[in-house]
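>>> generate a structure from the sequence data that follows.
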Amino acid sequence: MARYTGPKQKKARRFKEPIFGPSKALERKPYGPGEHGRSRFTRKSEYAIQLDEKQKAKYTYGLLERQFRNLYEKANSKEGVTGEILLQLLEARLDNSVFRFGFARTRRQARQLVSHRHIVVNGQIVNIPSYQLKPGDVVTIRPKSSNLDVIKESLETSPKNKYSWLEIDKKSKTGKFLNYPEMENIPENINVQLIIELYSK
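Residues are numbered from 1 along each chain as shown. This is a model prediction of the structure:
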């Protein structure tokens, strides 16, 4: 499956947010990329604003258009508030949860750990980054992979139990997905209502 592999900081500067993690480039240049990044000012249409929000969400969670659309359709088919369900499904992805647990420093790194069979869910190796976790699922590092430097370094620098819907034991390198998060507890700055309006047209 193709992935966006272009310059990350250009995208972060486009949205003026560190969507790929802390960015020194964004701190140094808090304006859009390109020759006219400093001076460009155009009034965006409603559609352009909605599209930008969807693109920001896609880049943040590392999804392609078809994957994101399918996740929206799944959220829209469920009972409840579509926007909140969409964010919950994004947060329940295995690669995102591996990142949230602190096993990886970025979602891209987390996706690689999953794809390379370093992650175990409920005792079974899972190598599908889009795998949807359910409340009660236990995620661990494969025993053969527990001494990988990238995992140890990430755990050393990650905060403990930062997210209320996750339970993390750094010593055993184990994480538990307790429940789907409330929308207000999800730290990403995404106006999901704009995305719903875009797809509802």
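>>> got the domain boundaries for this protein?
8-89+190-199, 93-179 (automatic domain parsing).
>>> could you work out the end-to-end span of the last one for me?
The separation between the terminal residues of domain 93-179, taken as C-alpha to C-alpha, to the nearest Å, is 13 Å.
>>> quick one: it to chain centroid distance?
Offset of domain 93-179 from its chain centre (C-alpha atoms, centre = their mean, to the nearest Å): 13 Å.
>>> separation between the residue nearest the centre of the chain and S164?
Closest residue to the average C-alpha location of the chain: Y61 at 3.2 Å, with C-alpha atoms, centre = their mean. Applying C-beta to C-beta, to the nearest Å, the value for Y61 to S164 is 19 Å. Where C-beta positions appear, they are placed from N, C-alpha and C, glycine not excepted.
>>> any weak-confidence spans in this structure?
Counting by pLDDT under 70, the chain contains low-confidence ranges at 1-42.
>>> now do the strands in it.
119-121, 124-125, 138-141, 166-169, 174-177 (DSSP state E).
>>> reformat those as a markdown table; add mean neighbour count and distance to L148.
Formatted as a markdown table, those follow (neighbours: other C-beta atoms under 10 Å; distance: least, C-beta to C-beta, whole Å):
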| stretch | mean neighbour count | distance to L148 |
| --- | --- | --- |
| strand 119-121 | 22 | 11 |
| strand 124-125 | 8 | 15 |
| strand 138-141 | 20 | 8 |
| strand 166-169 | 17 | 17 |
| strand 174-177 | 21 | 15 |
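>>> tell me which of the domains of the chain sits most buried.
Most buried of the domains of the chain by mean neighbour count (mean count of other C-beta atoms under 10 Å) is domain 93-179; its value is a mean of 17.
>>> related to what we said a few turns ago, so what's the residue nearest to the centre of the chain up against?
Y61 sits next to 90, 93, 96, 107 when contact means C-beta atoms under 8 Å, 6 or more residues apart in numbering.
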